[in-house]
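S.K.: Following is a predicted model, sequence given first.
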Amino acid sequence: MTDASAHPFAGLAPETAARLRDRIITGRLRPGERLSEARLAAEMSVSRNTLREVFRLLVHEGLLTHLPHRGVSVAVPSMAGVLDIYRLRRLIEIPALAQAWPRHAAVARMAAEVAQA
């Protein structure tokens, strides 16, 4: 059987990774915060083996860091990474704003966000 949907746990690691990724992106897990494997496995109702797979996926994505004998923690973004994010936002948001319908209600909010960034 090669069909991933045939195995009941085939999507468990990616689904759990998405849930943990959301916690990181929304700030519920803070940069530098050490993650307890046992606590997270219990909270997310997954085995520790599944959580280890999730940790490997998110380390590969750069959202987590793993240090031998110290465990897994939420990655702390570098200044270069933060600057890259704002450069990309500028490349996307400014042209979007320039092409937006001038009287759209969101134009003023977008302009304020760009000015703040």
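M.R.: Here it is on my side, so go on. Numbers count the residues shown, from 1 in each chain.
S.K.: For the rest of this, base every contact and every neighbour count on C-alpha atoms.
M.R.: Fine.
S.K.: Contacts only, for Val74.
M.R.: The contact partners of Val74, taken as C-alpha atoms under 8 Å, 6 or more residues apart in numbering, are Ile24, Leu29, Arg30, Pro31, Gly32, Glu33, Arg34, Leu35, Leu63, Leu64, Thr65.
S.K.: Mind giving me the ChimeraX command for buried ones among these?
M.R.: Remark: buried members of those, expressed as a ChimeraX selection using 16 or more other C-alpha atoms under 10 Å:
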select :24,29,31,34,63,64,65
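S.K.: Low-confidence ranges, this protein, go.
M.R.: 1-10 (pLDDT under 70).
S.K.: Domain map for the chain?
M.R.: As assigned by the TED database, the chain contains the domains 12-74, 79-116.
S.K.: how about the strands in the chain?
M.R.: 34-35, 64-67, 71-74 (DSSP state E).
S.K.: So in the protein, which helix runs the longest?
M.R.: When the chain is scanned for its longest helix (criterion: DSSP state H), the result is helix 79-99.
S.K.: Let me have the contacts of Val74 in a markdown table, adding distance to Leu12 as columns.
M.R.: Output for the contacts of Val74, formatted as a markdown table (distance: C-alpha to C-alpha, whole Å):
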| residue | distance to Leu12 |
| --- | --- |
| Ile24 | 18 |
| Leu29 | 21 |
| Arg30 | 24 |
| Pro31 | 25 |
| Gly32 | 26 |
| Glu33 | 24 |
| Arg34 | 23 |
| Leu35 | 19 |
| Leu63 | 19 |
| Leu64 | 19 |
| Thr65 | 21 |
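S.K.: what ranges do the helices span in the chain?
M.R.: 12-25, 37-44, 48-61, 79-99, 106-116.
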